[in-house]
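K.L.:
Mind folding the following:
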Amino acid sequence: MSDIRDKEVLEWYEQFHESIFKYIYMMIQDYQSAEDLRHETFLKAYVNYDSFRGNSNPKTWLFSIAHNITVDYIRKRRPLTILQDLLLFKKDLKPLPEEIVEIKESSKELYNAIAKLKGSYREVIILRKIKEFSIEETSTILGWSESKVKSTLFRAIQALEKKLLKEGDLSEKIV
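P.N.:
This is a model prediction of the structure:
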């Protein structure tokens with residue numbers, strides 16, 4: 001059983017370690033701590049491997065672990081400034097240098113506004129809109145009902161728009 005666990009957790013690490021790190025980093029905005037929490041996530045997955053029942057896919061289970069570890073970390077380390085100076089990276093596009101500057105400025109404004117939202121709004125926006133988890137996966141990760149995910153996301157987007165309008169950062173490109 002140990003060989004199967006070793007192999008499977010290693011495969012999960014190879015598949016998901018980058019996205020787990022990015023999620024944690026977006027939540028805490030501290031590179032070294034995000035690295036530590038990522039390792040703690042996979043260590044916890046390894047130790048609790050037998051409790052993985054396959055009710056969800058491994059990615060969802062790992063993000064649930066990462067979420068819980070990150071929330072515990074945030075509770076212990078308040079107050080933190082979360083999600084400042086993050087940039088939104090476009091994968092397959094090759095923008096011009098002036099477009100890169102514009103994207104960085106818009107992204108920075110957006111992520112700064114997200115950072116000012118209350119925790120539950122920030123979490124649901126990151127999971128649904130940035131990490132692109134389904135409603136079902138998000139509900140599993142957060143331990144919420146699917147209807148709570150939907151209603152919280154709706155309110156979070158409204159709050160984000162209001163914050164961006166208030167700060168004068170809302171442009172057609174962000175919305």
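K.L.:
Check which helix or strand residue 150 maps to.
P.N.:
Using DSSP states H and E, residue 150 sits in helix 146-166.
K.L.:
cool, residue 62 as well?
P.N.:
Element membership for residue 62 (DSSP H and E) is helix 58-77.
K.L.:
Show residues contacting that helix.
P.N.:
With Cβ atoms under 8 Å, 6 or more residues apart in numbering as the test, helix 58-77 has contacts from 8, 12, 15-16, 19-20, 23-24, 27-28, 33, 37-38, 40-42, 44-45, 48, 52, 56, 80, 82, 119, 123, 127, 131, 133, 137, 140-143. Bear in mind the C-beta positions are built from the backbone N, C-alpha and C, glycine included.
K.L.:
Need phi/psi at residue 54.
P.N.:
Main-chain dihedrals, residue 54, degrees, to the nearest 10: phi 80, psi 10.
K.L.:
repeat for residue 132
P.N.:
Per degrees, to the nearest 10, the backbone of residue 132 is at phi 60, psi 40.
K.L.:
residues near it, how many?
P.N.:
Neighbour count for residue 132, taken as other Cβ atoms under 10 Å: 10.
K.L.:
Against residue 161, how distant is it?
P.N.:
If you measure residue 132 against residue 161 using Cβ to Cβ, to the nearest Å, the figure is 20 Å.
K.L.:
ok, now which ones touch residue 138?
P.N.:
By Cβ under 8 Å, 6+ apart, the residues touching residue 138 are 124, 127-128, 144, 149.
K.L.:
7 Å instead, please
P.N.:
124, 127-128, 149 (Cβ atoms under 7 Å, 6 or more residues apart in numbering).
K.L.:
That one: which element?
P.N.:
Residue 138 is part of helix 135-142 when elements are defined by DSSP H and E.
K.L.:
wait, residue 125 sits on residue 156?
P.N.:
Yes. Using Cβ atoms under 7 Å, residue 125 makes contact with residue 156 at a distance of 5.1 Å.
K.L.:
Do you know the pLDDT at residue 23?
P.N.:
Looking at residue 23, its pLDDT is 89.
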